[in-house]
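>>> Below is the sequence, then the predicted model.
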Amino acid sequence: MQILRWVIGLFQTIFIHFLLGLAIAMLMVKWTWLDMRSNAGAMIFALLIISTCVYLLNSKVRLYRKLYWQRPLIGSLLIGFSGIIIVATNSFTIDHMLIVPAYTVRAGFFLKNVSLAQVNMTMLIILIVGLISHILLHANRWGLLKGLSLQSKEEHPIRETSRKRKMQILGVMYPVFIFLTLYLVQPGIRYFINQYVCH
């Protein structure tokens, strides 16, 4: 049951941060000045890498008692508000929804040879699997699927990490994440670093 809960939690992590990243990217696209100077879609890529790393690391080294997106209310609010932002920034029209988000995701993941239809299908799968994962994680708390409980206690609890150790890990982790985000989102920085490394 613990392995199942871990896998479902991973799917939920990917889903929520994909939506959150897409919402941020849509806002960036709407700001023309920023859109022209950045790869807005790469924000999705960066958030997915960061959130997945935090989730995996927290599974081995207890940095947080509970990750913020795994709290039922916060997770649901992130999903709801991200969805509203994505739809609103696309003028509430199907035509825009089928083109702009897919184009942004394709650019953000550097998938030039993938069609928009394929991107849309992938996003639909992420949406379905993610929503199911979110519901399953919190079904017992919400009184749904009472026969299935993923809220059981851990068979092998992870020992709490000392405060000093936490600060050391976080002190390395977050600067790396900031650098990664800037590298992926800002083409100028990426070009400069690539040129420096190659030469």
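Yep, it's here. Residues are numbered from 1 along each chain as shown.
>>> Show me the helices in the chain, by range?
Using DSSP state H, the helices of the chain run over 2-30, 32-36, 42-60, 72-89, 94-108, 116-142, 163-185, 187-198.
>>> Distance from the last one to the middle of the chain?
Centroid separation for helix 187-198 versus its chain: 25 Å, with C-alpha atoms, centre = their mean, to the nearest Å.
>>> packing partners for it?
If you count contacts as 3 or more C-beta pairs under 8 Å, 6 or more residues apart in numbering; DSSP states H and E, helix 187-198 packs onto helix 163-185. All C-beta spots, glycine's among them, are computed from the backbone N, C-alpha and C.
>>> quick one: buried residues of the helix it packs on?
177, 180-185 (16 or more other C-beta atoms under 10 Å).
>>> Next: stretch 88-95.
Buried, per 16+ other C-beta under 10 Å, within stretch 88-95: 89-90.
>>> cool, and stretch 74-84?
75-76, 78-79, 82.
>>> got CSV for the helices of the chain, with mean pLDDT too?
Formatted as CSV, these follow (pLDDT from 0 to 100):
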stretch, mean pLDDT
helix 2-30, 93
helix 32-36, 84
helix 42-60, 92
helix 72-89, 94
helix 94-108, 93
helix 116-142, 89
helix 163-185, 86
helix 187-198, 85
